[in-house]
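**Student:** here's my sequence, what's the structure:
(one chain, ligands or ions: 1)
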Amino acid sequence: MDPSLFTSQSPGDLVSIETVWGKDYAYVPHPLPPAWEFPIEVWPLLNEATNRLSLLEGIGSTLPNPGLLLRPLRDREAIRSSEIEGTYANPRELLLFELKPRESQSAEDPANDQREVLNYRRALEHAEQTELPLCLRLLRELHHILLTGVRGADRTPGEFRRLQVAIGTKGRFVPPPPHLIGDLLSPFEAFLHRKDRPYHPLVDCFLAHYQFETIHPFADGNGRVGRLLLSIMVQQACGLSKPWLHLSEFFESRREEYYGGLFGISTDGDWSRWIAYCLKGVASQATTTVERCKRLLNAREDFKNRAQAIGGSARLQGIVDGVFESPLVRITELRDRFNIDYKTARTDVEKLVAAKILAELPDQYPKTYYAPEIFAIAYEGLE
Ligand SMILES: Nc1ncnc2c1ncn2[C@@H]1O[C@H](COP(=O)(O)OP(=O)(O)OP(=O)(O)O)[C@@H](O)[C@H]1O
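**Tutor:** A predicted model of the protein is given here:
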């Protein structure tokens, strides 16, 4: 790491270290909160972000079924956050893998990436459901879920690192040496619990994201665990009824600024640029999510009408509703869910195919159906 890039404004210290790649410097951040005043010119961005977030909460909290929105949001976040780290699975692959997980046959097998993305989705669900407050134990649990069963023996799921790591090509940024991790994480955890907050709670979330990434407490998976934590922190800090807001899509689309913003704090103490960037991300993601939610609600209404027009039994309506939360449909699964015989379940599916609500997914055995219109809205831009 180039020590000449770090100015006197840097909110941390450089320490020299011996590594497997030779002598280097590592960066040790000071504990939060920083000696930084929220700049007046960033207020409009904060207002915009909180207004957009309120609109999102408004529409989300009145949904007849929150799963309608939560399911695509979780899938999208898992795919995008993993994508930032070079792990790829499209929605179709993710959903099919979930129906039928399989062991990978080689390091190049796409099942490796599919498992990691599915793990991310599961970690997100765990974070949403856990009774634990935001704490180090929860972070280790999330890391464990994320990295269980994936390739690479050195990933030590659920454990803080005992190795020196570096981020980016040529060790652009070198996080603290491993023996300091414990000392850095204690005040970090205290900051997560802190009641007297000098900044707006949303701002605290982004300070915490910087601090977590800079400490880089795990050998691997820090980017993803940090973004999982961010989603949950935003929900709690802003009093959202559900985690409606995720930022990986924004970070992915402006990745250079994401990395540059984090680096700029360490080198120059440029908190303002980072916070402004993140607040723009909140406004942008909240707006996109509200739009997606409205389109999903319209599609739901339209499907209900179409199901009604074909004699819509309560069961047909139930199948249509289920498609929003479990986007892939199999006849045997309907048979079991509604406790009906196979023939009746097949007739229901045929009716929904004739009404152009469901379509068969090509090349799948057993036959698998999906709702193309829902898919197009929920997973727009991800195929
Ligand atoms: N200069 C920086 N300072 C602090 N954190 C950074 C910096 N640049 C990038 N990051 C964070 O580090 C993450 C990538 O870290 P790294 O390449 O070490 O991956 P990792 O720890 O293996 O995590 P994952 O497998 O989830 O990527 C980025 O997604 C970002 O959140």
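
**Student:** for the residue positioned nearest the centre of the chain, give me its contacts.
**Tutor:** The residue lying closest to the centre of the chain (CA atoms, centre = their mean) is Glu77, at 3.8 Å. For Glu77, the contacting residues are Tyr120, Arg121, Leu124, Arg227, Ser231, His246, Ser248, Glu249, by CB atoms under 8 Å, 6 or more residues apart in numbering. (Each C-beta comes from the backbone N, C-alpha and C, glycine too.)

**Student:** grab the nearest non-local neighbour of the second one.
**Tutor:** Using CB to CB, 6 or more residues apart in numbering and skipping residues adjacent in sequence, the residue nearest Arg121 is Ala78, 4.1 Å away.

**Student:** that older thread, and the strand or helix carrying the residue nearest to the centre of the chain, average pLDDT?
**Tutor:** Element membership for Glu77 (DSSP states H and E) is helix 67-84. What helix 67-84 shows for mean pLDDT is 95.

**Student:** is any residue of it near the ligand?
**Tutor:** Yes. Contact of helix 67-84 with the ligand (CB under 6 Å from any ligand atom) involves Ile84.

**Student:** so what's the gap between that helix and the chain middle?
**Tutor:** 6 Å (CA atoms, centre = their mean, to the nearest Å).

**Student:** buried stuff in it?
**Tutor:** 67-84 (16 or more other CB atoms under 10 Å).

**Student:** also stretch 127-141?
**Tutor:** Buried residues in stretch 127-141 (16+ other CB under 10 Å): Ala127, Leu134, Leu138, Leu139, Arg140, Glu141.

**Student:** what does the protein put close to the ligand?
**Tutor:** Going by CB under 6 Å from any ligand atom, the residues of the chain near the ligand are 84-85, 165, 167, 173, 213-214, 220-224, 226, 259, 262-263, 266.

**Student:** of those, buried ones?
**Tutor:** Applying 16+ other CB under 10 Å to the residues of the chain next to the ligand flags 84, 165, 167, 173, 213-214, 220-224, 226, 259, 262-263, 266 as buried.

**Student:** most proximal residue of the stretch 1-150 of the chain with respect to the ligand?
**Tutor:** Closest contact between the stretch 1-150 of the chain and the ligand, by CB to the nearest ligand atom, is at Glu85 (3.4 Å).

**Student:** which residues does that residue contact?
**Tutor:** Contacts of Glu85 by CB under 8 Å, 6+ apart are Gly223, Arg224.

**Student:** heads up, I number from 702, so please use that
**Tutor:** Sure, I'll start numbering at 702, so the last one becomes Glu786.

**Student:** separation between it and Thr990?
**Tutor:** 22 Å (CB to CB, to the nearest Å).

**Student:** one step back: between the buried residues of stretch 828-842, which is nearest Ala909?
**Tutor:** In terms of CB to CB, no member of these lies closer to Ala909 than Leu835, at 8.7 Å.

**Student:** can you count the residues close to the closest residue to that closest one other than its chain neighbours?
**Tutor:** Spatial nearest neighbour of Leu835, excluding adjacent residues (CB to CB, 6+ apart): Leu893 at 4.5 Å. The criterion is other CB atoms under 10 Å. On that basis, Leu893 has 23 neighbouring residues.

**Student:** restricted to helices, list the buried ones among the residues of the chain next to the ligand.
**Tutor:** Mapping those onto helices (DSSP state H) picks out Ile785, Glu914, Thr915, Asn923, Gly924, Arg925, Gly927, Tyr960, Leu963, Phe964, Ser967.

**Student:** out of the residues you listed, what pair is the most spread apart?
**Tutor:** Across those, the longest distance by CB to CB is 20.4 Å; it joins Arg925 and Ser967.

**Student:** so which residues make contact with stretch 977-986?
**Tutor:** 743, 746-747, 749-750, 753-754, 903, 907, 910, 935, 946-948, 950-952, 955, 958-959, 962.

**Student:** remind me which residues of the chain are low pLDDT?
**Tutor:** Scanning the chain for pLDDT under 70 picks out 853-855, 872.

**Student:** residue in it nearest to the ligand?
**Tutor:** Gly924 (2.7 Å).

**Student:** excluding its backbone neighbours, what's nearest that residue?
**Tutor:** Sequence neighbours aside, Glu786 is the residue nearest to Gly924 in space, at 5.3 Å (criterion: CB to CB, 6+ apart).

**Student:** repeat for Leu843
**Tutor:** Ala824 (4.7 Å).

**Student:** what lies in contact with whichever strand or helix holds Asp1049?
**Tutor:** Using DSSP H and E, Asp1049 falls within helix 1043-1055. With contact meaning CB under 8 Å, 6+ apart, helix 1043-1055 is reached by 1008, 1011-1012, 1016-1017, 1020-1021, 1030, 1032-1033, 1035-1036, 1039, 1059-1061, 1070.

**Student:** do the same with stretch 857-873
**Tutor:** Applying CB under 8 Å, 6+ apart, the set of residues contacting stretch 857-873 is 702, 718, 720-722, 725, 727, 841-842, 844-845, 847-849, 874-876, 878-879, 882-883, 886, 917-921, 960, 964.
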